[in-house]
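[1] My questions concern the predicted model and sequence given below.
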Amino acid sequence: MTREYKKEDDESKEYKSGEYRSKKYNSGDYKSGEYRSKEYNSGDYKSREYKNKEYEGEEKKDIDVKSLSLQELTEEITAIGEKPFRARQMYEWMHKKLARGFGEMTNLSKQFRELCEERYDFTALKAVCVQESQIDGMKSQDNGPKSQNDGPKSQDNGPKSQDNGPKSQDNGTKKFLFELSDGNVVESVWMKYHHGNSVCISSQAGCRMGCHFCASALGGLERNLLPSEMLDQIYAITLLTGERVSNVVVMGTGEPLDNYDNLLRFLRMLTDENGLHISQRNVTVSTCGLVPEIKRLAGEKLQITLALSLHAASDEKRRKLMPIAEKYSIRELMKACGYYFEQTGRRITFEYSLMRGVNDTDEDARRLAELARPLGCHVNLIPINPVRERNFSRPDRKRILAFQNILEKNKINVTIRREMGRDIDGACGQLRRRTLEEMKRVKDVFHN
């Protein structure tokens, strides 16, 4: 169930387009139309309304088959009179062979495939735009996203090169814009490193957290993504690139923990041995700091990496950048991070976007070190990608390295994220935002 973020003494505010407002938030009534997500959040993928009044697409069927676990799929298939092994065949087609429709499931009878077409909704995202960076082919000394080194390695990870840049100039960062069945669009990013291929996916269409430096929050939240829609970003990119994905980062558009139940189902299916079976240690989930959900996630005892989007080391600065800081203080966040570590044994990562003249001083670095040291946190410094609608810029290289040096002198494990995708709407939500603006202009032309 999505949560109501509000201060008790202020009933008139809500999250929208970068403003802090916490008026009652109905998880089912998004701007995209009649979408009752509470039925998904309760784990019921067999009854729903999923319609967009403004989108003239195919009406959704009753069951989102790609969001069902193998056990649920088996129950469904046997309920319609088929043998249980048919469910395993279907599951393998969807989650291992990455079939794009029932028609590709050639070991199922034609009659059964036709029944499935009539009865089930099959999520298969359509790539409407692919951008490839022309600057990311150059090698860099900076570290890209990868799993933490605080536990046994997955078999997915081979020997690593000291150079963490892309393998060749022909293999830069790619950003994909996928169209959902209701006409919404979401972004995903494919990044190629010597230690493996990483994909950064979105968890929501839009975002209601309102961070002032982020393009994702512009326009607010449309709706939560289904588990199948999160999975299919990875499946589609695997097919389009022809290469295996070894690392997954849930750090694209949206606040993952604001879509908690769908996120959890996605994580379990992604790492399940009957699917892609990506190691939990190769999965990172980002959050802007929803304290109750961090504690709830800790209780799941998953071995994923949790990345806290901190971005400021004092409450005063954080409140200016991130509306959620009005609800949860840094002290509360640190307690939640400590609890997460106690429950899972997994080291937390602090994501820290460096913004010139905002959070990049020596004092900011020292305060950040004081927060990270007791928890043994890894700090990932991110020179911010400029967003057209925002007035933030990255510090120069000298300032970034000085900030890093202060952290290292305080014995903090720190990396600088390699600058990726600056020439392809690299910041979260930029491509989606630009595409929606173009779609609106076209619509206005036709309507006028």
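    Looks like it came in fine. Residues are numbered from 1 along each chain as shown.
[2] ranges for the helices of the stretch 301-448 of the chain?
    315-321, 330-344, 362-372, 397-409, 430-447 (DSSP state H, counting those that start in this stretch).
[3] Check those for me: which has the lowest mean pLDDT.
    In terms of average pLDDT, helix 430-447 trails the rest of these, at a mean of 49.
[4] check contacts around residue 90.
    65, 73, 77, 105, 108, 116 (C-beta atoms under 8 Å, 6 or more residues apart in numbering). From N, CA and C alone the C-beta is placed, and that goes for glycine too.
[5] The fifth one: how many residues sit nearby?
    Spelled out, that is residue 108. 18 (other C-beta atoms under 10 Å).
[6] on that earlier part again, from the contacts of residue 90, which land in helices?
    73, 77, 116 (DSSP state H).
[7] Specify which residues of the protein, grouped into ranges, have pLDDT under the cut-off.
    1-60, 135-171, 388-389, 419-448 (pLDDT under 70).
[8] rerun at 80
    1-62, 133-172, 217, 386-390, 418-448 (pLDDT under 80).
[9] the longest strand in it is where?
    Counting by DSSP state E, the longest strand found in the chain is strand 185-193.
[10] Now do the contacts for residue 382.
    351, 352, 353, 354, 416, 417.
[11] Try it again at 10 Å.
    309, 311, 351-355, 394, 400, 415-419, 427 (C-beta atoms under 10 Å, 6 or more residues apart in numbering).
[12] Please apply the same query to residue 130.
    Applying C-beta under 10 Å, 6+ apart, the residues near residue 130 are 174, 175, 176, 177, 178, 190, 237, 240, 241, 424, 431.
[13] Quick check: it vs residue 215, distance?
    The gap separating residue 130 from residue 215 is 19 Å, by C-beta to C-beta, to the nearest Å.
[14] Could you confirm residue 260 falls within a helix?
    Yes - according to DSSP: H, G, I helix; E, B strand; the rest coil, residue 260 belongs to a helix.
[15] Based on its surroundings, how many neighbours for it?
    As a burial measure, residue 260 scores 21 neighbours (other C-beta under 10 Å).
[16] going forward, begin numbering at 614 instead of 1
    Let's use 614 as the start, then, which means that last one is residue 873.
[17] Residue 988 versus the closest residue to it other than its chain neighbours, what's the distance?
    Once flanking residues are discounted, residue 873 sits nearest to residue 906: 5.5 Å by C-beta to C-beta, 6 or more residues apart in numbering. Here residue 906 is placed at a distance of 18 Å from residue 988 (C-beta to C-beta).
[18] Compare those two and say which is more crowded by neighbours.
    Here residue 906 and residue 988 are compared on neighbour count by other C-beta under 10 Å; more neighbours surround residue 906, at 19 against 16.
[19] host element of that one?
    helix 904-911 (DSSP states H and E).
[20] Give me the residues contacting that helix.
    Applying C-beta under 10 Å, 6+ apart, the set of residues contacting helix 904-911 from outside is 616, 618, 868-873, 876-877, 880, 898, 900, 903, 917, 919, 921, 937, 940-942, 945-946, 948-957, 959, 961.
[21] Kindly reformat the helices of the stretch 914-1061 of the chain as a markdown table and extend each row with mean neighbour count.
    A markdown table is the format used below for the helices of the stretch 914-1061 of the chain (neighbours: other C-beta atoms under 10 Å):
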| stretch | mean neighbour count |
| --- | --- |
| helix 928-934 | 17 |
| helix 943-957 | 17 |
| helix 975-985 | 19 |
| helix 1010-1022 | 15 |
| helix 1043-1060 | 14 |
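[22] So which of these is nearest residue 737?
    helix 1043-1060 (19.3 Å; C-beta to C-beta).
[23] Which neighbouring elements make contact with the helix or strand in which residue 861 is found?
    Per DSSP H and E: residue 861 is located in strand 860-863. If you count contacts as 3 or more C-beta pairs under 10 Å, 6 or more residues apart in numbering; DSSP states H and E, strand 860-863 packs onto strand 798-806, strand 809-814, helix 840-854, helix 873-884, strand 896-900, strand 918-922.
[24] Any figure for the gap between residue 684 and residue 700?
    9 Å.
[25] more crowded one of those two?
    Set residue 684 next to residue 700 and count neighbours by other C-beta under 10 Å: residue 700 wins out with 20 against 11.
[26] Go through the host helix or strand of the more buried one and flag the buried ones.
    Taking DSSP H and E as the definition, one finds residue 700 inside helix 697-708. Within helix 697-708, the residues scored as buried using 16 or more other C-beta atoms under 10 Å are 699, 700, 702, 703, 704, 705, 706, 707, 708.
[27] Stretch 707-719 now?
    Quick answer for stretch 707-719 (16+ other C-beta under 10 Å): 707, 708, 711, 712, 713, 715, 718.
[28] what do you get for stretch 956-973?
    Using 16+ other C-beta under 10 Å as the test for burial, stretch 956-973 gives 957, 959-968, 971-973.
[29] what two of these are the furthest from one another?
    Using C-beta to C-beta, the pair of those lying farthest apart is 957 and 971, separated by 31.9 Å.
[30] tell me the contacts of residue 815?
    Counting by C-beta under 10 Å, 6+ apart, residue 815 has contacts 791, 798-802, 829, 838, 842-843, 846, 863-867, 869, 872, 1041-1042, 1045.
[31] What does it show for phi and psi?
    The phi/psi pair for residue 815 (degrees, to the nearest 10) reads phi -90, psi 150.
[32] likewise residue 942?
    Torsion angles, degrees, to the nearest 10, at residue 942: phi -80, psi 170.
[33] Grab the nearest non-local neighbour of it.
    residue 928 (5.5 Å).
[34] And residue 860, by the same measure?
    Closest to residue 860 by C-beta to C-beta, 6+ apart is residue 811, at 4.1 Å.
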